[in-house]
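Engineer: following is a predicted model, sequence given first.
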Amino acid sequence: MSLTRLFSGFCLILLIALCPVSQKFLEKKRSSILEKSGMGYVIPSKFTALASLEFKGIVSDFLYLKIATYIGGTIINKEMMNRNHADYFYNAADIITDLDPWFWDAYLMNSMILAWDFNRVDLANKLLKKATNYRTWDFNPPYYLGFNNYYFLKDNGTASQYLMEAARRGGGPSFLVPLATRLLVHQNNLTPAILLLEEQLKTTQDPLMMKHLQTRLKTIITLDKLEKKVKEYKKRYGRFPEKISDLISGKLIENLPEDPYGGEFYILTNGRVFTTSKLRFIR
């Protein structure tokens, strides 16, 4: 037997003998790195996309499961997460949705974590806006954007715009249009509310929903007319009327309008007109 073959055999035996030791060392090293970093690492999409070839959807699913597993592990182990985790969840979701731009579960899970667990509504909304651009048929992305702006940012104006978009896309819950129009009324954007209701009435087939939309439309049109009369009253008399009946004595309306929701119209100090029903049935 030649020396070369003897040496090769010896090396092979040595490698086999060292395999368990090296594996244990590598596992320990890997655990140490993960423990220090506090999270996994996701390769940027410009590299991942090239490496994935025609399997981008499968890779996207794998990365999503990796994040879900990581989240599950932190919950089971009762580990605390910090601001670095927020950046990780955003970047991971951004990469996953670069590979599969229509992957709604990835948008939703990560945006919810960012908004609720880290108070990073800015990053959550950035993901949802990306979803809105790709999932053009889906009411969910603008709906969640509307919720985030309403609940976290207290921005009723922006919230109403997203809720209007969600309502126009169709397929959403029945409360979308009433909620969007109510926010628009609070923001004194009566014309967009009227237009949205008129659009919905053209496509609504459900008789009960049609009745609700007609009631809301009638109420908002009345609010719009009364506010115009209030402005006319101020122009004529140099001050806002104190109550709706002043519009009658000022010969701007003939009688008090009826609120279809069962409330009573009243005038705010800034000239806005609202109703005690708050656009909700009280009878």
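Structural biologist: Now that the structure is in, tell me what you want to look at.
Engineer: name the next helix or strand downstream of the helix or strand encompassing residue 212, please.
Structural biologist: Assigned by DSSP states H and E, residue 212 belongs to helix 207-237. Per DSSP H and E, the first helix or strand lying C-terminal to helix 207-237 is helix 245-249.
Engineer: show me what that following helix is packed up against.
Structural biologist: helix 207-237 (3 or more CB pairs under 8 Å, 6 or more residues apart in numbering; DSSP states H and E). (C-beta placed from N, C-alpha, C; glycine too.)
Engineer: buried ones in the helix it packs on?
Structural biologist: Neighbour-count burial for helix 207-237 flags 212-213, 215-224, 226-227, 229-230, 233 (criterion: 16 or more other CB atoms under 10 Å).
Engineer: avg pLDDT for it?
Structural biologist: For helix 207-237, mean pLDDT rounds to 95.
Engineer: and that helix, how far out from the chain's middle?
Structural biologist: 30 Å (CA atoms, centre = their mean, to the nearest Å).
Engineer: residue ranges with poor pLDDT in the stretch 1-150 of the chain?
Structural biologist: 1-55 (pLDDT under 70).
Engineer: name the SS class of residue 266, please.
Structural biologist: strand (DSSP: H, G, I helix; E, B strand; the rest coil).
Engineer: and it, what does it touch?
Structural biologist: 243, 244, 273, 274, 275, 276 (CB atoms under 8 Å, 6 or more residues apart in numbering).
Engineer: go on, residue 167?
Structural biologist: Residues in contact with residue 167 (CB under 8 Å, 6+ apart) are 139, 176, 177, 180, 196, 200.
Engineer: and the nearest residue to residue 244 once chain neighbours are set aside, how many neighbours?
Structural biologist: Distances taken as CB to CB, 6 or more residues apart in numbering place residue 265 nearest to residue 244, at 5.2 Å, with adjacent residues excluded. Other residues near residue 265 come to 20 when the count uses other CB atoms under 10 Å.
Engineer: what do you get for the one 10 residues further on?
Structural biologist: Neighbourhood size, residue 275 [other CB under 10 Å]: 22.
Engineer: surely it meets residue 262?
Structural biologist: No. Using CB atoms under 8 Å as the test, residue 275 is too far from residue 262 to be in contact (9.2 Å).
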